[in-house]
Each structure stands twice: as structure tokens, then as C-alpha cells.
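[1] The sequence and its predicted three-dimensional model are supplied below.
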Amino acid sequence: MTRLSVNINKIATLRNARGGNVPDVLKAALDCQRFGAQGITVHPRPDERHIRYQDVLDLKPLISTEFNIEGYPSESFIQLVTSVVPEQVTLVPDAHDAVTSNAGWNTVRYQNFLKQVVDRFQKKGIRVSIFIDANPEMIRHAASIGADRIELYTEPYASQYPENPEEAIKPFIEAAEAASALNLGLNAGHDLNLHNLEYFSRNIPGLLEVSIGHALISDALYFGLENTIMMYRSKLQWTVV
């Protein structure tokens, strides 16, 4: 069964827009877990425009499911993650001023760099996932780097899904098969939502985890956080007939 990890960055964005501690990011994480989230994801950026480094430190003792920290592996990020020791770290190639993640790693070009980073995290017992496009060549090099998992960047799927779901999913099925052949665990994330999530999860073999933030938090404005988490969970709990 595919696990749902809720990215709470957008809750921190709302808090930071006004200052103070409303909404309370720590309480939101606890509530997400209580409402059925099987993991909590955060993505601290250097400018701390949403999740702050202190949030990450404060969240660690509260997370009873899986804690997944995403980010570009700068030295400050590496030091934060190795001090917190979450269950998983997801490496993304974002520039410091990126609005959101918009591409996966070129694991050929950055092979040596990533190999060193992966080794540092794994020595602390942290599972390492590499954010990557649905490209079998890049997936093969992710395996040679020593990653435990990959996270497929799903924005291209989400963009094409409304017009042609079958074509949209094809490269992701191929990517999943390539990952399986290399014994890589498979995660996915970016622009997955209530409309496209079930089709994706039904068709992607071996999908272990999805990380969803923007769409889920936006839906919670209309449906409530508890109800929304259960709605997303239902999209991942289909039964083969």
C-alpha cells in the first residue's frame, strides 16, 4: 500500500505571512498524523520563507510516523539533517531562489557530488531518496550513486493527465520498472492531487510513498484537514478486482 506523507510547508508559509505562531506548524503536524497521515514532509529553504530550520528541530521529537526532510544538500542542510536524523532525506536540485521544485537531478553530471552526500547521510542511518525525472538513464545512475530510493518528479504527468492519462503515465511506468530492476525504492511527488492521484497509484508498480503538500493543504481550506487527509488516503487504498 502506498503511504501518504503530508508536506506542511504551506502551513508554515501562512504563519510566516503574518508573523507570530498562527497557524501553529507543530500542532498541524501532530494533527496530520492524528488524522491519518503516514508521514510528515518538510522542505526547509535557505531563505526560510516557509519551514524554518528551527521548525525542523522542534518537529523531530513530535513525529511518530515517518519524518522526511527535503532539500538541496548544501553544507548547512546536511548538518541540519544529520543532527535531526529523520527516517528519510530527499535530495532535490533546487536553486536557492526557486519558487518550487521544477526538475530532477542530472545524476550523470552530479554523480560524484551526490555519491559523497548519500554516503554522509547513510552513515547516520538515514534513508536517502533522490528527486529525479522519469528518465531510465538518470535512474540507473541514481542506483550507482547508492541511493536507497528515488522520488519521481510528477509535474509532467499532472500537466498531461487531463488531456491524455494513458500517454501521461507511460514514462512513469517505464521509470518504475527501471527502478524495480535496480532494487530502488520508489516515491513520487509534485502536483499530485485528488483528480490524478488514484490513476497514478493504480498504474505505477511498487509505489511506496507520495509526498503531497500544496494541493492537499489547498483542498483542506474547503474540506477541512481531517477530511482531506482521508480523501487522499482513499485514493491510495483502492482494491484490485
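    Sure thing, it's come through.
[2] which helices and strands sit right next to the helix or strand residue 221 falls within?
    Assigned by DSSP states H and E, residue 221 falls within helix 214-223. Counting by 3 or more Cβ pairs under 8 Å, 6 or more residues apart in numbering; DSSP states H and E, the packing neighbours recorded for helix 214-223 are strand 3-7, helix 9-18, helix 225-235. Glycine gets a C-beta too; all of them are placed from N, C-alpha and C.
[3] a markdown table for those, including distance to residue 55?
    Formatted as a markdown table, the helices and strands packed on helix 214-223 follow (distance: least, Cβ to Cβ, whole Å):
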| stretch | distance to residue 55 |
| --- | --- |
| strand 3-7 | 13 |
| helix 9-18 | 6 |
| helix 225-235 | 18 |
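[4] Please identify the most buried of the ones you listed.
    Highest mean neighbour count among the helices and strands packed on helix 214-223 (mean count of other Cβ atoms under 10 Å): strand 3-7, with a mean of 25.
[5] And the helices in the chain, which stretches?
    Counting by DSSP state H, the chain has helices at residues 9-18, 25-34, 53-59, 75-84, 111-122, 136-145, 155-160, 165-181, 197-203, 214-223, 225-235.
[6] Please give the centre-to-centre distance between the fifth one and its chain.
    In terms of Cα atoms, centre = their mean, to the nearest Å, the centre of helix 111-122 is set 19 Å apart from its chain centre.
[7] Output it as CSV, nothing but the C-alphas.
    C-alpha atoms of helix 111-122 as CSV (Å, rounded to 0.1, in the frame of the first residue of the first chain):
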residue,chain,number,x,y,z
GLN,A,111,27.3,11.7,-9.8
ASN,A,112,30.5,12.3,-7.7
PHE,A,113,28.8,15.1,-5.6
LEU,A,114,25.7,13.0,-4.9
LYS,A,115,27.7,9.9,-4.1
GLN,A,116,29.6,11.8,-1.3
VAL,A,117,26.4,13.3,0.0
VAL,A,118,24.5,10.0,0.0
ASP,A,119,27.3,8.4,1.9
ARG,A,120,27.3,11.0,4.6
PHE,A,121,23.6,10.5,5.2
GLN,A,122,23.7,6.7,5.1
